[in-house]
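1. Okay, predicted coordinates and the sequence, questions at the end:
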Amino acid sequence: MAKTDERFVKTYSQGTINIIEIWVDKETGVNYIYREAGYSGGLTVLLDSDGKPVISRL
């Protein structure tokens with residue numbers, strides 16, 4: 001579980017072997033999507049249908 005003083009908070013998680021998570025930067029509100037499969041993974045900005053970053057206010 002995230003501490004209250006940490007900058008990023010996990011807002012969504014799916015899967016156990018093939019993992020998809022969404023993390024939100026509490027300072028900017030920008031959403032990031034993390035994908036992990038086996039021994040590899042990646043993180044990128046989550047974009048809306050117009051190609052702009054998804055912003056959430058926590």
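-> Structure's in. What do you need?

2. Strands of the protein, start to end?
-> 8-14, 18-25, 31-37, 40-45 (DSSP state E).

3. With respect to R57, which of those lies nearest?
-> Closest approach to R57 among the strands of the chain is made by strand 18-25 (9.3 Å; Cβ to Cβ). In this view, the C-beta of every residue, glycine as well, is placed from N, C-alpha and C.

4. Who are the packing partners of that closest one?
-> Here strand 18-25 touches strand 8-14, strand 31-37, going by 3 or more Cβ pairs under 8 Å, 6 or more residues apart in numbering; DSSP states H and E.

5. Point out the most buried one among these.
-> strand 31-37 (a mean of 16; mean count of other Cβ atoms under 10 Å).

6. got a list of what F8 touches?
-> Contacts for F8 (Cβ atoms under 8 Å, 6 or more residues apart in numbering) come out as A2, W23, V24, D25, K26, Y32.

7. Narrow these to those that are buried.
-> Buried members of the contacts of F8, counted by 16 or more other Cβ atoms under 10 Å: W23, V24, D25, K26, Y32.

8. before we move on, the earlier item: from the contacts of F8, pick the one nearest T44.
-> Once Cβ to Cβ is applied, the member of those that ends up nearest T44 is Y32, at 6.7 Å.

9. Show the contacting residues for the closest one.
-> Counted by Cβ under 8 Å, 6+ apart, Y32 has contacts F8, I22, W23, V24, D25, L43, T44, V45, L46.

10. do that again at 10 Å, thanks
-> By Cβ atoms under 10 Å, 6 or more residues apart in numbering, the contact set of Y32 is F8, E21, I22, W23, V24, D25, L43, T44, V45, L46, P53, V54.

11. Who are the contact partners of the residue nearest to it when sequence neighbours are not counted?
-> Computed as Cβ to Cβ, 6 or more residues apart in numbering, the closest residue to Y32 that is not its neighbour in sequence is W23, at 4.7 Å. Listed by Cβ under 10 Å, 6+ apart, the contact partners of W23 are 2, 7-13, 30-34, 43, 46.
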